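> quick one: sequence and predicted model below, then my questions.
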Amino acid sequence: MKRLLYSSALLVLLPVLWRVSSVNAARGQDQQQAPQHTKTTDKSADYVGSETCLACHEDITNKFATNPHSRLALLHGGKGVTCESCHGPGREHVEGGGDLTKIFRFGQASAKQIDTKCLGCHVSAHPNFERSAHGRASVSCTSCHSVHKFGEELKLLKASEPTLCYTCHTDLKPAFAQPFHHKVDEGLMKCSDCHNPHGTFQSTQLKSTHDQNAICTKCHTETAGPFVYEHPPVKTEGCIICHSPHGSPNPRLLNVANVNTLCLQCHSATNMGAFPHAVSPSGPNHNQATQYVACINCHTQIHGSNAASNFFR
């Protein structure tokens, strides 16, 4: 009878003992693996500090105090680094007697590597750069900016606008020499007033807004509206359907010399299929063959009107 009770008690305790041994085994395994997961590598010893860089790069280091990037040294309780923030840890470079293969050199790096390095800090300011026209064309940050030899201190540009932009966009430079042009060469405007070189969702890197014409109407406020009677092309096609934004041989930066010709591109009998809203003018005053007065002599409010659907006033 005692043997039977002992056997029964053993059967009851076996599952409990198995669970306890399993838990202890798991704990032992965790304790053995824990050091492997928590082990970290301290790379602070790889940084030698800007004072070490001064020994060989005195001409660059002495000028760096006025550079905006010098503020990196104030980060992390005054333990931030400057030269090595961009060029990487310098210990191997120094120990190798100035071995150039042991340091990051922007002059030898690809556009992708340079952009990755710069966007490590500036990605929040320029989140669209990699998909911008400049980014896709491998125009790297150092194509326009220079940390050590900049011509414009505010943005560390190699040269001021528009000279810097003209180095690539040579096709646009003649437009600003036209008789009628936006005052870019005169210094009253800059390319970046309308374009964002670091990228937008517009094809020409125009600064993005909910209204495609806002780039123009921020200065030309009298055309902004809203109007009771809107001229449809202004909303659907934008300002450039009539105007050349950089420069033109025609007054008001118009695309064509004769304003009537411009209007008849839409308001003609041959275009009624394409532009059903553009009622073809009729009557003796609209006989363009006799070359009466210009359309805008009567239709003065062509951008929009609050009083007349035919934009008389």
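Received the coordinates, thanks. Because the structure is a prediction, the values reported are computed rather than measured.

> what's the domain layout of the chain?
In terms of domains, the chain is parsed into 49-104, 110-208, 221-305 (source: automatic domain parsing).

> can you get me the start-to-end distance on the shortest one?
Start and end residues of domain 49-104 are separated by 15 Å (C-alpha to C-alpha, to the nearest Å).

> and the longest one, by the same measure?
Across domain 110-208, the terminal residues are separated by 29 Å (C-alpha to C-alpha).

> tell me the gap between it and the middle of its chain.
Offset of domain 110-208 from its chain centre (C-alpha atoms, centre = their mean, to the nearest Å): 9 Å.

> what about it, average pLDDT?
Taken as a whole, domain 110-208 has a mean pLDDT of 91.

> three-state assignment of H126?
State at H126, reduced to three classes by DSSP: H, G, I helix; E, B strand; the rest coil: coil.

> how many residues are close by it?
Using other C-beta atoms under 10 Å, H126 is surrounded by 18 other residues. All C-beta spots, glycine's among them, are computed from the backbone N, C-alpha and C.

> for D185, give me its contacts.
162, 176-177 (C-beta atoms under 8 Å, 6 or more residues apart in numbering).

> returning to that earlier point: now distance to F312 too, for the domains of the chain, in JSON lines please.
JSON lines is the format used below for those (distance: least, C-beta to C-beta, whole Å):
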{"stretch": "domain 49-104", "distance to F312": "55"}
{"stretch": "domain 110-208", "distance to F312": "26"}
{"stretch": "domain 221-305", "distance to F312": "6"}
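
> and I215, which of these is closest to it?
domain 110-208 (5.1 Å; C-beta to C-beta).

> strands along this protein, start to end?
Taking DSSP state E as the test, the strands found in the chain are 180-181, 229-230, 247-248, 304-305.

> in JSON lines: those, plus mean neighbour count.
Output for the strands of the chain, formatted as JSON lines (neighbours: other C-beta atoms under 10 Å):
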{"stretch": "strand 180-181", "mean neighbour count": "17"}
{"stretch": "strand 229-230", "mean neighbour count": "15"}
{"stretch": "strand 247-248", "mean neighbour count": "20"}
{"stretch": "strand 304-305", "mean neighbour count": "19"}
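
> just put these in TSV and tack on distance to T170.
Converted to TSV, those look like this (distance: least, C-beta to C-beta, whole Å):
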stretch	distance to T170
strand 180-181	16
strand 229-230	38
strand 247-248	14
strand 304-305	37
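
> and the helices in the stretch 101-250 of the chain, which stretches?
111-122, 133-136, 141-144, 163-166, 214-217, 232-236 (DSSP state H, counting those that start in this stretch).

> can you say which of these is nearest to S309?
helix 232-236 (11.6 Å).

> could you give me the average pLDDT of that closest one?
On average, the pLDDT along helix 232-236 is 84.

> cool, stretch 51-70 as well?
84.

> hmm, who's touching that stretch?
Residues from elsewhere that reach stretch 51-70, judged by C-beta under 8 Å, 6+ apart: 50, 82-83, 85-86, 90, 94, 98, 147-148, 153, 156.

> list the contacts for L156?
Neighbour list for L156: 67-68, 145-147, 150 [criterion: C-beta under 8 Å, 6+ apart].

> measure it to T167 for me?
From L156 across to T167, the span is 16 Å (C-beta to C-beta, to the nearest Å).

> next: P89.
From P89 to T167 the distance is 34 Å (C-beta to C-beta).

> more crowded one of the two?
In this view P89 and T167 are compared by other C-beta under 10 Å, and P89 has more residues nearby, 18 against 13.

> ok, and the closest non-adjacent residue to the more buried one?
Sequence neighbours aside, D46 is the residue nearest to P89 in space, at 3.5 Å (criterion: C-beta to C-beta, 6 or more residues apart in numbering).

> what's around the one you found, how many residues?
For D46, the neighbour count with other C-beta under 10 Å is 13.
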